[in-house]
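Student: what shape does this take:
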Amino acid sequence: MGHDHGHDHTHGANKKALMISFIIITVYMIIEAAGGFITNSLALLSDAGHMLSDSISLGVGLVAFAMGEKVANYSKTYGYKRFEILAAFFNGVTLIAIALYIFYEAFQRFSSPHEVASTGMLIIAIIGLVVNIVVAWILMRGDTDENLNLRAAFLHVLGDLLGSVGAIIAALLIMFFNWGWADPLASVIVAALVLISGWRVTKDAVHVLMEGTPKNVELDEVINTIENVQGIQGIHDLHVWSITSGQNALSCHAVVDGGLNIEESQKLLRNIEERLEQKGIGHVTIQMENKEHPHDESLMCSHDHGDTAHEHG
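Tutor: Model (predicted):
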């Protein structure tokens, strides 16, 4: 119960951080777009487009949190918590697409430089930088290490923040030295950072969707932890995966002494659960059986984690 309460508290803080960030970014994006239309500034409109990607990212993240709160039912026995990972995947792919588009635009500008209104560009870039610093700070207060969905939204904003820094430097270079190429060069540097971020988030999301072993879980440690519990003779059919960010699950078959009664088995199970919780695994399902219980060979049985685990093939 304590573990779940902690997760719920973090979940609430993450959702609040996303909500505040979404409101700030969306309001500023609308103001910037309106300013672009009134002043007929392409620089303002394109920056508003970049902010729009942040707004969509944060909006999708909020929907993911709302979906994740829906209770489990007969068709979704884990509930909708995995939707957060799908949102992170969507955000990661969007980051990659944005980066590729920036590369394309930068190439076009290198070949045929555009006239840039540097003063207006500088003012908007400074305001954008302040807005993005505030939003990044709000998101950083959430759980960006553990929560993939929040990290994806944070990286979107970080990319925009770096974009603002690049735009400020480029605007100053254009104003003082008339270096028109500074604008596309700044874009290329930021696009490279955005591309790396997008690739990492997408890769991590795919890992979770493929039921991969959580990064914060050492499988050998988990095997040793279970097999070192007195009364456990060996384990097989071991699976460790993430339900969603910060919620790891484990299932396995454990070979125990056939003479154990129900009370002793329960005590043994509680002992394993307590040890595994310290290893970052809160959802544990263990099937206890004796040596004579037959089982199919599984991938994990090919790993050498105790001779007893190989005696029941």
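Student: check what pLDDT residue 295 gets.
Tutor: The score at residue 295 is 62. That number is its pLDDT.
Student: show me the strands in this protein, by range?
Tutor: Secondary structure of the chain by DSSP state E: the strands cover 232-244, 247-256, 283-289.
Student: tell me the angle the shortest one makes with strand 232-244.
Tutor: Between strand 283-289 and strand 232-244, the angle comes out at 150 degrees (axes from the mean of the first three to the mean of the last three Cα atoms, to 10 degrees).
Student: show me what strand 283-289 is packed against.
Tutor: strand 247-256, helix 262-277 (3 or more Cβ pairs under 8 Å, 6 or more residues apart in numbering; DSSP states H and E). To be clear about C-beta, it is placed using only N, CA and C from the backbone, and glycine gets the same treatment.
Student: try it again with 10 Å
Tutor: On a contact count with 3 or more Cβ pairs under 10 Å, 6 or more residues apart in numbering; DSSP states H and E, strand 283-289 meets strand 232-244, strand 247-256, helix 262-277.
Student: as a markdown table, those with mean pLDDT, mean neighbour count and distance to residue 61 would be great.
Tutor: Below are these laid out as a markdown table (pLDDT from 0 to 100; neighbours: other Cβ atoms under 10 Å; distance: least, Cβ to Cβ, whole Å):
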| stretch | mean pLDDT | mean neighbour count | distance to residue 61 |
| --- | --- | --- | --- |
| strand 232-244 | 88 | 21 | 13 |
| strand 247-256 | 90 | 20 | 17 |
| helix 262-277 | 88 | 14 | 28 |
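Student: any chance of those in CSV, plus distance to residue 79?
Tutor: Output for the helices and strands packed on strand 283-289, formatted as CSV (distance: least, Cβ to Cβ, whole Å):
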stretch, distance to residue 79
strand 232-244, 9
strand 247-256, 10
helix 262-277, 20
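Student: out of these, nearest to residue 216?
Tutor: Smallest distance to residue 216 across the helices and strands packed on strand 283-289 (Cβ to Cβ): 7.7 Å, for strand 247-256.
Student: ok, the spatially most central residue of the chain - contacts?
Tutor: Nearest to the geometric centre of the chain sits residue 148, at 1.4 Å (Cα atoms, centre = their mean). Residue 148 makes contacts with 64, 84-85, 87-89, 91-92, 201, 204-205, 207-208, 242, 244-246, as judged by Cβ atoms under 10 Å, 6 or more residues apart in numbering.
Student: please redo it, this time with the cut-off set to 6 Å
Tutor: The contact partners of residue 148, taken as Cβ atoms under 6 Å, 6 or more residues apart in numbering, are 88, 204, 205, 245.
Student: so which of these are in helices?
Tutor: Using DSSP state H, the members of the contacts of residue 148 that fall within helices are 88, 204, 205.
Student: quick check: the residue nearest to the second one when sequence neighbours are not counted vs residue 123, distance?
Tutor: Of all residues beyond its chain neighbours, the one nearest residue 204 is residue 148 (5.8 Å), with distances taken as Cβ to Cβ, 6 or more residues apart in numbering. Applying Cβ to Cβ, to the nearest Å, the value for residue 148 to residue 123 is 35 Å.
Student: residues of stretch 51-69 that come out buried?
Tutor: Residues of stretch 51-69 classed as buried: 51-62, 64-65, 67-68 (neighbour count, 16 or more other Cβ atoms under 10 Å).
Student: can you list the neighbours in contact with that stretch?
Tutor: Outside stretch 51-69, the residues that reach it (Cβ under 6 Å, 6+ apart) are 15, 18, 21-22, 25-26, 29, 80-81, 83-84, 87, 90-91, 98, 149, 153, 156-157, 160.
Student: so which of these belong to helices?
Tutor: Among the contacts of stretch 51-69, the members falling in helices (DSSP H) are 15, 18, 21-22, 25-26, 29, 83-84, 87, 90-91, 98, 149, 153, 156-157, 160.
Student: a markdown table please, covering the contacts of residue 148 and showing neighbour count and pLDDT.
Tutor: Shown next, in a markdown table, are these (neighbours: other Cβ atoms under 10 Å; pLDDT from 0 to 100):
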| residue | neighbour count | pLDDT |
| --- | --- | --- |
| 88 | 31 | 82 |
| 204 | 21 | 90 |
| 205 | 25 | 90 |
| 245 | 27 | 74 |
